[in-house]
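> 3D, please:
(chains A and B)
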Amino acid sequence: MKRFIGFIKKEFYHIFRDKRSLFILFGMPIAQILLFGFAITNEINNVDIAILDHSNDVETQKIINKIKSSPYFNVENQIQSEREIESEFKKGKVKAVLIFEPDFSKNLVTKKVAVIQAVTDATEPNVANTIANYTAAVIQNYQLQKKQATISQVKVDVQSRMFYNPELKSVFNFVPGVMTVILMLVSAMMTSISITREKELGTMEILLVSPLKPFQVIVGKVFPYIFLSIINAIVILLLGYFVFKMPINGSLFLLMFESILFIISALSLGILISTISDSQQTAMMLSLMGLMLPVIILSGFIFPINSMPMPMQIISNIIPAKWFIIIVKAIMLKGVGIQYIWKETLVLIGMTVFFIALSIKKYKIRLE
Amino acid sequence: MEKEKIIAVKNLTKKFGDFAAVDDISFDVYKGEIFGFLGANGAGKTTAMKMLIGISSPTTGDATVAGFDLHSQSEMVKKNIGYMSQKFSMYDDLTVKENIIFFGGIYGLSRAKIKTKIASLVKELQIEDIINSLVGSLPLGWKQKLSFSVALLHDPQIVFLDEPTGGVDPITRRQFWEMIYTQAFKGTTIFVTTHYMDEAEYCDRVSIMVAGKIEALDTPKKLKEQFKVDSMNDVFLKLARNIE
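Residues are numbered from 1 along each chain as shown, chains lettered A, B, ... in the order given. Model (predicted):
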């Protein structure tokens, strides 16, 4: 036990004396969560639009007022002809133009249908899409009010309501995702690098010649990272909770348990990487390409798994991060207990056991 | 007088696939001697040494090191040997003192024992000024001396030195050999591999490995007589050439 404490102390010296690893450990999580939380967002607010009103009648004025009063849009100016649309877009400020057809009110009465066209600047496809949706929503809302006022007949209108995340806040998606990426990065990459560093320096040899068992060496090397990863998980959750108002509806204890499980699976992946790489660079490249990319692309963090091609969906099943993200979202947003996520938890446990067994086996082979 | 054997190697073999890196070697090392373990690159001396220090397991054959069986008592073997690699492996980002505390710790030395060790090392090596400096900031010669001292922290019966003088200047090499002599005089057995043939002259006995086998083993003086040459360098060249 005393040896173990000495070992861990030494490991902390390594971490705290290396500015780079300190930055990765503590700067990165905070920077990432703030970046993802504030910068990358699918919500729109105060988007500048222009209006081209060919009819200029009572109805169009009402709709325009409605749009002006919504928090999403800011009517920048009224243009007079189609020719101006492109020059507006080229100036860059206006992201969308709403065009009311001529005789808007008249058509509404005689043909029962009037057309509003939304032209969006799709150089940023996501923004364009969102603007189009929001516009449709604002106008639908207007129609609904109108119907209620004029038609006595009750009509059923389908209204969608977003559960668990009513405002469609993208940060609710990013907090679990960033937490996953960070835990993977810290646990897998940092441990694989720190183990291969000992190999590179030749100190691993010294440790193996000493009475310490290989098993003790590895546990001593990973233990500090378990500790630091847990701290990181807590920091991310605190930031999510206080800065982004991300709720934690489920049990905090369960959330921590699942996080530790994920941390251990990532650590065993880190050990596995360190057994097959001889230099820190190799370990880093393997971690980045072999772990980080799949975690970012295939875990459902950024791209929804359901909309991936079938082969990718199948591959995504072997990514531990996918299961962890499902679990974290379920606990934080839906507030469910273990009875709803035991399957995902079992998958994660299975993967962890498999990785640990594999890395022990690999490690022994190296010692031969 | 029958000398006490501290390492006894019998028919030790290590195969990688069909290739025998170490091919059926047998030899003894006596207590308190400086045993030079020579061979060209790839002759198998590193592999042989790795088996003796317990980080590589032999394909066949037996050995006892410090009186313990390599197969069944490897824990005891590890407690009774010291090892210094050619990289002078200490942690660059730890101070000299922290390194000593760490390595003392993994060999299970008590805190009090480590303290007295540090005190005596400071006195012996006159390292008061650098005891709290990071190892990374020290010149190579110091790293070499310190890693030798660290390998001896737990008072091992045998210390294995793997090319301990690689990359240091002749004066530092000379000083290092003085340290080795002092230690041997205290009764520690020294098992040393080297590429420098002048260093081979300093050894009590020398073995020369060629292509996985030990081709010669005796005192430097007798080896020179046997091969009818003036220096160990010529002994080595003659052996290596005859085989090829």
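> got the residues of chain B near chain A?
Contact residues (C-beta under 8 Å from any C-beta of the partner chain) of chain B with chain A: B:53-57, B:75, B:78-79, B:81, B:83, B:85-87, B:89-94, B:98, B:101-103, B:105-108. To be clear about C-beta, it is placed using only N, CA and C from the backbone, and glycine gets the same treatment.
> for the residue in chain A sticking out farthest from the centre, phi and psi?
Most distant from the centre of chain A: residue A:110, at 48.9 Å, with distances by C-alpha atoms, centre = their mean. Backbone torsions for residue A:110, taken as degrees, to the nearest 10, come to phi -80, psi -50.
> one step back: drop anything exposed from the residues of chain B next to chain A.
With neighbours counted by 16 or more other C-beta atoms under 10 Å in any protein chain shown, the residues of chain B next to chain A contain buried members at B:53-56, B:78-79, B:81, B:83, B:85-87, B:89-94, B:98, B:101-103, B:105-107.
> Out of those, name the ones that lie in strands.
B:81, B:83 (DSSP state E).
> what bits of the chain have low per-residue confidence?
Answering for chain A, as no chain was given. A:39-44, A:126, A:147-170, A:364-368 (pLDDT under 70).
> Chain B, not that one
Ranges of chain B meeting pLDDT under 70: B:1-2, B:243-244.
> let's go with 50 and repeat that
B:1 (pLDDT under 50).
> Let me see the ranges of the strands in it.
All strands of chain B, identified by DSSP E, fall at B:5-16, B:19-30, B:34-39, B:60-65, B:68-69, B:81-84, B:158-162, B:189-194, B:205-210, B:213-218.
> Put together TSV for those strands, with distance to residue A:78 on each row.
TSV is the format used below for the strands of chain B (distance: least, C-beta to C-beta, whole Å):
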stretch	distance to residue A:78
strand B:5-16	82
strand B:19-30	85
strand B:34-39	91
strand B:60-65	93
strand B:68-69	94
strand B:81-84	84
strand B:158-162	84
strand B:189-194	88
strand B:205-210	93
strand B:213-218	96
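> Tell me which of these sits most buried.
strand B:81-84 (a mean of 26; mean count of other C-beta atoms under 10 Å in any protein chain shown).
> And that strand, how far out from the chain middle?
7 Å (C-alpha atoms, centre = their mean, to the nearest Å).
> what's it packed up against?
When contacts are defined as 3 or more C-beta pairs under 8 Å, 6 or more residues apart in numbering or on different chains; DSSP states H and E, strand B:81-84 packs onto helix A:203-209, helix B:140-151, strand B:158-162.
> which residues touch that strand?
For strand B:81-84, the surrounding residues in contact (C-beta atoms under 8 Å, 6 or more residues apart in numbering or on different chains) are A:205-206, A:209, B:53, B:65-66, B:147-148, B:150-154, B:156-162, B:164.
> Mind doing that once more with 7 Å?
Residues outside strand B:81-84 that contact it (C-beta atoms under 7 Å, 6 or more residues apart in numbering or on different chains): A:206, A:209, B:53, B:65-66, B:147-148, B:151-152, B:154, B:156, B:158-162, B:164.
> got it, and stretch B:97-105?
Identification of contacts with stretch B:97-105 by C-beta under 7 Å, 6+ apart yields A:2-3, A:6, A:10, A:13, B:90-91, B:94, B:114, B:117-118, B:131-132, B:135, B:150, B:153.
> ok, back up a step: could you single out the most deeply buried of the helices and strands packed on strand B:81-84?
Counting by mean count of other C-beta under 10 Å, the most buried of the helices and strands packed on strand B:81-84 turns out to be strand B:158-162, with a mean of 23.
> Secondary structure element holding residue A:78?
According to DSSP states H and E, residue A:78 maps onto strand A:73-79.
> Can you give the distance of that strand from its chain's centre?
On C-alpha atoms, centre = their mean, the centre of strand A:73-79 falls 33 Å from the chain's centre.
> could the helices and strands packed on strand B:81-84 go into TSV alongside distance to residue A:175?
Converted to TSV, these look like this (distance: least, C-beta to C-beta, whole Å):
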stretch	distance to residue A:175
helix A:203-209	37
helix B:140-151	47
strand B:158-162	51
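> Relative to residue B:47, which of these is closest?
Comparison of the helices and strands packed on strand B:81-84 against residue B:47 by C-beta to C-beta identifies strand B:158-162 as nearest, at 11.5 Å.
> tilt between the closest one and strand B:189-194?
10 degrees (axes from the mean of the first three to the mean of the last three C-alpha atoms, to 10 degrees).
> Which strands or helices does strand B:158-162 pack on?
With contacts defined as 3 or more C-beta pairs under 7 Å, 6 or more residues apart in numbering or on different chains; DSSP states H and E, strand B:158-162 has these neighbours: helix B:45-52, strand B:81-84, strand B:189-194.
> Return the residues in contact with residue A:180.
Counting by C-beta under 7 Å, 6+ apart, residue A:180 makes contact with A:295, A:299, A:301, A:321, A:324-325.
> separation between it and residue A:324?
Using C-beta to C-beta, to the nearest Å, residue A:180 is found at 5 Å from residue A:324.
> repeat for residue B:237
63 Å.
> Have a look at those two and say which one is more surrounded.
A direct count of neighbours by other C-beta atoms under 10 Å in any protein chain shown for residue B:237 and residue A:324 places residue A:324 higher, at 30 against 14.
> of all of the stretch 151-300 of chain A, which residue lies closest to chain B?
residue A:202 (3.5 Å; C-beta to the nearest C-beta).
> Count the neighbours of that residue for me.
16.
> again with the one 10 residues further on
Applying other C-beta under 10 Å, we find 22 other residues in the vicinity of residue A:212.
> Phi and psi next, for it.
phi -60, psi 140.
> wait, it sits on residue B:106?
Yes - with contacts counted by C-beta atoms under 7 Å, residue A:212 reaches residue B:106, the gap being 5.3 Å.
> Identify the contacts common to these two.
Common neighbours of residue A:212 and residue B:106 (criterion: C-beta under 7 Å, 6+ apart): residue A:3.
> residue contacts, residue B:232?
Residues near residue B:232 by C-beta under 7 Å, 6+ apart: B:197, B:200-201, B:220, B:224.
> Buried ones among those residues?
Buried members of these, scored by 16+ other C-beta under 10 Å, are B:197, B:200, B:220, B:224.
> and the third one, what does it touch?
This points to residue B:220. B:200-201, B:203, B:206, B:232.
> can you give me the strands in chain A?
Counting by DSSP E, the strands of chain A are A:47-53, A:73-79, A:96-100, A:116-120.
> Check which helices and strands the second one sits against.
Using 3+ C-beta pairs under 7 Å, 6+ apart as the contact criterion, the elements in contact with strand A:73-79 are strand A:47-53, helix A:58-69.
> Packed most tightly, which of the ones you listed would that be?
Note that of the helices and strands packed on strand A:73-79, strand A:47-53 is the most buried (mean count of other C-beta under 10 Å), with a mean of 20.
> just the angle between it and strand A:116-120, please?
140 degrees.
> CA atoms only for strand A:47-53 - export them in PDB, please.
Written as PDB, here are the backbone C-alpha positions of strand A:47-53 (Å, rounded to 0.1, in the frame of the first residue of the first chain):
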ATOM      1  CA  VAL A  47     -32.000  37.000 -37.500                       C
ATOM      2  CA  ASP A  48     -32.000  39.800 -39.900                       C
ATOM      3  CA  ILE A  49     -34.500  39.400 -42.700                       C
ATOM      4  CA  ALA A  50     -35.900  41.500 -45.500                       C
ATOM      5  CA  ILE A  51     -39.500  41.700 -46.800                       C
ATOM      6  CA  LEU A  52     -40.700  42.100 -50.300                       C
ATOM      7  CA  ASP A  53     -44.300  42.900 -50.200                       C
END
